[in-house]
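Asks: sequence and predicted structure, then a few things I'm wondering about:
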Amino acid sequence: MAEVISEEQPRDYPPRLYAEGESILENKLLNHNIKMGDVPVIIESIGQDAWNELKGSPIGIIAKLAESQFVWSGKTVHFLLCRQLRIHKKEIWFLVGGQPIRFGLNEFGHITGLNTGSIPTEKFEPKADYKAFFSELNVPGGEGPKLDELRAGLLVCRTWTPEKRKWLGLLTLQAIGLYGLHHNSRIPFESAKRVFDDEAMNTYPWGRSAFEALVNSIKMLRPVGKTYTVSGMVYVLQALAYDSVKCFGERYGRVVNKDEIPLLRWGGNRTRKTMELTIAEDIKAHGELRVSKLVMKDDVRELFHTWPDEEEDPALDNLIRDIHEDKFVKGYWDVKKTEKKRKNVNSNAAGDSESPAKRQKVHNVKDVINSEGLGSGEEDAEKKKKKKKKKEKVNDMVGSAEDDVLEDVSVKTVVDLVKQLNSRFDTVDTSIKEVSSNMEKVIGDRVEARMDEKFEYMEKELKQMKERLNAIEQGVGKSGEIGEENSAFKETEPPEMPTQVNLLLNQKEKATPKGPAKPPQNQSVTSPLAKDIVDVEKDIGIAGVSKNLEKEFANVIDGKSAIDFIETLPNNTRVLRSKKIDTEKIAAGKKNTGKDKPAKDKAPKVQAAVGRRRGRKPSSTTVKKVVRKLATAPAEGGAALDEKKEAADVPDKDEEVLEKAGIKGDNDVYDVTDQLLAGDERTLPESEDDEEELIRIERINALRKESVKLSPDGSALNPLSNVSERIFPHIGDNGLTCMRKNCVPSAGIYDPLSPVDPAKLQKLKEMMAPFKHLPLGRATDTVDFYRILITERKDWPDRQYGWLYDDHIAAYLRVLRKRFITRVPFPFHTKRIAFIDSWFVSYWCKEYDQFKIKPERIKFKGTAYERLVHGLEPKDQQTNMKWIEDVDHLYIVHQIGGNHWLALDVDLVKGHIDCYDSIVGQHTKESELSVLEACRPFTRMIPKMMNEIIPPEIYPPRFEQFSFRRRNKSRVPQNSQVGDCGVYALKFIECLALGVSFVGICDENIQAIRVKMATEIYDEAPDLLAAFDVQ
């Protein structure tokens, strides 16, 4: 019978590999490399006669497994792999429901029926000319073939001799099943040579070799991203689960042939129910989980296997011997998990209460016994009998007393612990209430103080503005008085008027009706004025403008106007500023103020001293002109600057509020207040181009739309000879190029929308040809990867079939990164860019869930983030280019909502992110905020990441989020037919890196773009697809 663990009999078994629920494989998806989808092609290529011969070979189990239609359940195998013990020998143990389950050489042989003997060490050379055969398959000398080379052989083997077709079939079975290798990995050379000799084939220990490959793959797992891949015969692990855990076999195994070996006995099933619930039900029904811990042998020595250079593992030896001798200690790992806590409780209880009470009670009982005369010296038999009975009675009393004491002490200890916990909870509740009260007071006082100050300034300045504008209006038309009135206006107008306008802006949520403020049609803060708008810089139009402006100000006060104000520099460029106002610079500006200094020189200083946020909504162009007029007016004396400094000192009251509340540092609270006051002010509006640029864009659009016309197969549709003769990016006369504004083409630039190369496309088609008879989704994973890209929409089995997955996005980004690293001459318009790996982006967004709760939880320095900033991610495509020092722009393809891809251009220098969305719909406040919220991982985490990693002498710390702008759909091609957003996003990134226009990316050309994208991945980086070959 199994013994129960006790402190008098400690055991030493292997510990858990990871604490329960903390395995590095948790919450990840399991992939494998067994390619049963290749079997129909193999049978068709080598012939049914050769296939039947393969089924009778020593590795025929693979062929039989393929025909059995075994249903793979990654969930079942993943469940086992997350519950491993720490084993130093070449085997694996799983801990399921507190029961250890062995996966060793005996178990592998039992499940597969393969030979698990010792691997021969002597040199082997087959009699057949295997070198000529390998040469025909283009296999390098001294190496085994890889699956890609074998697949190429399957295309031409139909005319081969039966013997050669059998050799090819045996090698293919090794690749797709026995070793479960990636299509670009090679079969072990010694194993490959055995297929050319029948005797060697029959005696070779295929089971040991396959078992070693599988165990090594599992022990070396170090997953990065949200998936991990196991090589080898992973189906054996699923059969092990059914064979060893009885409830798994009964619920999910689906017996198809009870007389077969376990691997062929079970049909498998998709595991829908949670494994933990199944285990709990089995324990409830039978008292413990029913398992078969290992394949039992009569001689314990048969349970131990030796491998070259294997470490000793005494704990494992103990476990195996105890199971063999039926001495296994139940509950060992449950006890180990709570042993530390239990020892602490026992030591306290024994030292403080249990021992004294026990000793006292036992002592009292013994006193009672002695007082009853049990120590009498009479020697007669009758008294001896009585004495003996009394002693037995006393012993019973002592034992009962000890039990009572132990019970009392246990209850007392639990009560004391509960009291301590209650006390701690009360303390925590009190602390939370105090902090909450302080925070409410802080936020409330800050908001109230800021509101009062801003409304006071706004009322005062608006009143003065009305009086001045009325005076100007009355003076218009009177000869000789206009100049005088304007002169008086300029003398009295304070140069800090934009400060008050911005204060009005910060109150837009209070002063304007709900809903986004809309700019005039086809107008923005940088666009030229329409003819029907009066130019306020001309004296003729001042009266009309002042009247309209006065009316708008009145509407703002009444809450009826949606007018919005925004400041601009004289050259119409936007200023991005930090939150804090530099009062020292304002003071310095005050000393340098002079009447004779031109107003245009003062304007930038005035504007640099006002405003606290970077993002503004589009404003009325008329009001913008008036604001610029007031901003450039000269100041008289220092009174105006005093008012300006007073406005800049407003935040001092916030600091006083913080000090009163006893909170040091205002960064976190300041962010909260910003959100209360501003909400969506982190978004920037769309800007418009000047007239000359608009004309250039129209010419580019017309020429590119005419020249970039592609057919669904990727070829050019009606190519124009006069266009093809020009060298890209030149597309028109007079040196017209399709480059974006301020982008200079590189020497190695290429056209991202050129037709596909027919020769390269043919290679892709040849690779996929053997699978053309298989339905979509039923071929190999590599073929399905390309099918999703190139299949026309009309042939999609469902409307989501052609949507790109993470591996498509990652694969094409790796192609772009490879071009960045290796192509000469360099193709992109600048080297100061970086393409962020999509798997890292997924990890990044997952981390943001913790970051937004408490930013301090996420550490950037010394982690993968630091490697990313230093250009060391991904590890196999390192650029060693550091952000800010070598990189200004990051290109990211980001998924939002679980079903839509966006392209992001992150400007590290300006602290700004541009979003290019191919499916915009309507520009509303709600939609803009929704997209902004989905991009918070970047707007919030990038500044903090850079502050922590980049030295301050290179990048001065900044404490505001990056500004954000979703580009208008008039600037970004739209995917009207929906389903191609991933392709659009990738092409946006490529065009941005090249510096060329988006024109030509459209639904009419998207199928051709898909075909070209698949062709480029297969031609330029088929090896890079290895990381995403999902099974």
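Replies: Arrived safely, thanks for sending.
Asks: which residue is the nearest non-sequential neighbour of Arg86?
Replies: Leaving aside its sequence neighbours, Arg86 sits nearest to Leu17 (CB to CB, 6 or more residues apart in numbering; 4.7 Å). C-betas here are computed from N, CA, C, even on glycine.
Asks: ok, now Asp313?
Replies: His88 (4.2 Å).
Asks: in a strand, that neighbour, correct?
Replies: No - judged by DSSP: H, G, I helix; E, B strand; the rest coil, His88 forms no part of a strand; its state is coil.
Asks: got the contact list for it?
Replies: 310-313, 316 (CB atoms under 8 Å, 6 or more residues apart in numbering).
Asks: buried subset of those?
Replies: Buried subset of these (neighbour count, 16 or more other CB atoms under 10 Å): 313, 316.
Asks: closest to Tyr955 among the contacts of His88?
Replies: Glu311 (47.7 Å; CB to CB).
Asks: excluding chain neighbours, what is closest to the closest one?
Replies: Nearest to Glu311 is His88, by CB to CB, 6+ apart, at 4.3 Å.
Asks: next one: Tyr130
Replies: Tyr130 sits nearest to Phe196 (CB to CB, 6+ apart), 4.5 Å away.
Asks: so Gln1007 versus Asn27, what's the distance?
Replies: 36 Å (CB to CB, to the nearest Å).
Asks: what do you get for Asp317?
Replies: Taking CB to CB, one finds Asp317 at 34 Å from Asn27.
Asks: give me the more crowded residue out of those two.
Replies: Between Asp317 and Asn27, counted using other CB atoms under 10 Å, the more crowded position is Asp317 (16 against 8).
Asks: roughly how far does that one sit from Ile323?
Replies: 11 Å.
Asks: repeat for Phe94
Replies: 14 Å.
Asks: comparing the two, which residue is more hemmed in?
Replies: Phe94 (23 against 18).
Asks: so that one touches Ile87, yeah?
Replies: No - with contact defined as CB atoms under 8 Å, Phe94 does not count as touching Ile87 (10.2 Å).
Asks: any idea which element the nearest residue to Asp1019 once chain neighbours are set aside lies in?
Replies: When the adjacent residues along the chain are set aside, Asp1019 lies closest to Lys760, with 4.5 Å between them (CB to CB, 6+ apart). According to DSSP states H and E, Lys760 maps onto helix 758-768.
Asks: mind giving me the packing neighbours of that helix?
Replies: In terms of contacts (3 or more CB pairs under 8 Å, 6 or more residues apart in numbering; DSSP states H and E), helix 758-768 is packed against helix 781-790, helix 1006-1020.
Asks: may I see the buried residues of it?
Replies: Neighbour-count burial for helix 758-768 [16+ other CB under 10 Å]: 760-761, 764, 767-768.
Asks: now do the strands in the stretch 851-1000 of the chain.
Replies: 889-896, 900-907, 912-916, 963-966 (DSSP state E, counting those that start in this stretch).
Asks: backbone dihedrals for the residue nearest to Arg86, both of them.
Replies: phi -70, psi -40 (degrees, to the nearest 10).
Asks: residue contacts, it?
Replies: 23, 84-87.
Asks: which among these count as buried?
Replies: 23, 84-85, 87.
Asks: ok, so of these, who is nearest Glu456?
Replies: Looking across the buried ones among the contacts of Leu17 and measuring by CB to CB, the closest to Glu456 is Ser23, at 60.8 Å.
Asks: ok, and the closest non-adjacent residue to that closest one?
Replies: Ser23 sits nearest to Cys82 (CB to CB, 6+ apart), 4.2 Å away.
Asks: so that neighbour is in contact with Glu22, correct?
Replies: No - Cys82 is beyond contact range of Glu22, at 9.3 Å (criterion: CB under 8 Å).
Asks: higher neighbour count, these two?
Replies: Cys82 (20 against 10).
Asks: that one: what's it in contact with?
Replies: By CB under 8 Å, 6+ apart, Cys82 lies in contact with 18, 23, 25-26.
Asks: report pLDDT for it.
Replies: pLDDT recorded at Cys82 is 95.
Asks: what do you get for Asn734?
Replies: So Asn734 comes in at 71 (pLDDT).
Asks: can you give me the neighbour number for it?
Replies: Neighbour tally, Asn734, other CB under 10 Å: 6.
Asks: what of Gly287?
Replies: Neighbours around Gly287, by other CB under 10 Å: 8.
Asks: with Pro973 instead?
Replies: 20.
Asks: how far away is the closest residue to it other than its chain neighbours from Ala702?
Replies: In space, and not counting its chain neighbours, Pro973 is closest to Ile1001: 4.5 Å by CB to CB, 6+ apart. To Ala702, Ile1001 is 16 Å away according to CB to CB.
Asks: show me which of the two is the more surrounded one.
Replies: The neighbour comparison of Ile1001 against Ala702 (other CB under 10 Å) goes to Ile1001, with 25 against 13.
Asks: could you verify my assumption that that one touches Leu753?
Replies: Yes - applying CB under 8 Å, one finds Ile1001 in contact with Leu753, separated by 7.0 Å.
Asks: shared neighbours, the two?
Replies: Counting by CB under 8 Å, 6+ apart, the residues touching both Ile1001 and Leu753 are 987, 1009.
Asks: any weak-confidence spans in the stretch 551-700 of the chain?
Replies: 551-690 (pLDDT under 70).
Asks: got it, and the chain?
Replies: 1-11, 272-273, 335-455, 457, 469, 471-690, 718-725, 1023-1031.
Asks: which residue ranges of it form strands?
Replies: 29-32, 92-96, 99-103, 227-230, 833-835, 889-896, 900-907, 912-916, 963-966 (DSSP state E).
Asks: against which helices or strands is the third one packed?
Replies: To tie it back to what came earlier, the one meant is strand 99-103. Counting by 3+ CB pairs under 8 Å, 6+ apart, strand 99-103 packs on strand 92-96, helix 235-244, helix 314-324.
Asks: direction included, what does it pair up with?
Replies: Applying DSSP bridges, strand 99-103 is found paired with strand 92-96 (antiparallel).
Asks: compute the inter-axis angle for the strand it pairs with and helix 235-244.
Replies: On the basis of axes from the mean of the first three to the mean of the last three CA atoms, to 10 degrees, strand 92-96 is oriented at 50 degrees to helix 235-244.
Asks: what lies in contact with strand 92-96?
Replies: 14, 16, 79-81, 83-85, 87, 100-104, 215, 218-219, 245, 279, 289, 291, 316, 319, 333.
Asks: which residue packs closest to Asp282, ignoring adjacent ones?
Replies: Distance criterion CB to CB, 6+ apart; nearest residue to Asp282, sequence neighbours excluded, is Cys247 at 3.9 Å.
Asks: can you check Val195 too?
Replies: Leu170 (4.1 Å).
Asks: for Lys127, see how far away the one you found is.
Replies: Leu170 is 16 Å from Lys127, by CB to CB.
Asks: what is the neighbour count of the closest residue to Arg940 other than its chain neighbours?
Replies: Using CB to CB, 6+ apart and skipping residues adjacent in sequence, the residue nearest Arg940 is Gln961, 5.3 Å away. Residue neighbour count, defined by other CB under 10 Å, stands at 22 for Gln961.
Asks: in contact with the spatially closest residue to Ile46 that is not a sequence neighbour, which residues?
Replies: Nearest residue to Ile46 in three dimensions, chain neighbours excluded: Arg165, at 4.2 Å (CB to CB, 6+ apart). Arg165 makes contact with 45-47, 50, 157 under the criterion CB under 8 Å, 6+ apart.
Asks: okay if I get those as JSON lines plus neighbour count and distance to Glu856?
Replies: Converted to JSON lines, the contacts of Arg165 look like this (neighbours: other CB atoms under 10 Å; distance: CB to CB, whole Å):
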{"residue": "Ser45", "neighbour count": "23", "distance to Glu856": "60"}
{"residue": "Ile46", "neighbour count": "26", "distance to Glu856": "62"}
{"residue": "Gly47", "neighbour count": "18", "distance to Glu856": "66"}
{"residue": "Ala50", "neighbour count": "22", "distance to Glu856": "65"}
{"residue": "Cys157", "neighbour count": "22", "distance to Glu856": "62"}
